[in-house]
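> when you get a sec, could you give me coordinates for this:
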Amino acid sequence: RKGLFREDLYYRLNVFPIYNIPLRERKDDIPLLAQYFLEKYSAKAGKAFRRISTKTIECLMNYNFPGNIRELENLIERAVIVENGTTLGPGSWIPEKDNLDLNDEFQSFEDKQKEYIIKVLEHTNWRISGPNGAAAILKMKDKTLFAKMKRLGIEKSVSLKSIANDRSN
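Got it, this is the predicted structure:
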């Protein structure tokens, strides 16, 4: 937009845009990814790390990861280099407290999903199936949408005012 990026390069890279959910919105992936990176870099460095302490996982889960998965991988690789033992504990390789706990300004992916589905449902007057239903707008099967609604706890709230309006129509 500002003209700072070479337009020809942009079009070369923009063949098929891929949106990837940031790590800060998928906190549940952090323990599994951290363990994978620990095993990978422990073997590479010839170190004996086998697991990550609960406190370390807690610290990682509280970090915002502006650098996404690459930042997590780099942190674990650094930890393997500077620490010793069989269990990886928190150390100087953990980011400073200033960068921790920035999660409040972000919604979880599921909350964002729930909010968007409700917005679409309200737009369709809670019609789920059919050509003008929420499932069609969301490009999913109605059974899939029903299942997702159930999993996210989405229910149409019925008030006396809406019942009175329905009866008058």
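
> just the strands in the protein please.
Listed in chain order, the strands of the chain (DSSP state E) span 51-52, 87-88.

> note down every partner strand of the last one and its orientation.
Spelled out, that is strand 87-88. Strand 87-88 has the following strand partners under DSSP bridges: strand 51-52 (parallel).

> how about the helices of the chain, start to end?
7-13, 30-45, 54-61, 68-82, 109-123, 134-137, 142-152, 160-168 (DSSP state H).

> by mean pLDDT, show me the worst of the ones you listed.
Ranked by mean pLDDT, those end with helix 160-168 at the bottom, a mean of 53.

> mind listing what residue 130 touches?
Residues in contact with residue 130 (Cβ atoms under 8 Å, 6 or more residues apart in numbering) are residue 136. (Each C-beta comes from the backbone N, C-alpha and C, glycine too.)

> go on, the one 4 residues further on?
Each residue near residue 134 by Cβ under 8 Å, 6+ apart is listed here: 117, 120-121, 123-124, 126-128, 145.

> still on that earlier bit, reformat the strands of the chain as CSV; add distance to residue 150 and mean neighbour count.
Formatted as CSV, the strands of the chain follow (distance: least, Cβ to Cβ, whole Å; neighbours: other Cβ atoms under 10 Å):
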stretch, distance to residue 150, mean neighbour count
strand 51-52, 34, 18
strand 87-88, 39, 19
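
> all good on my end, thank you.
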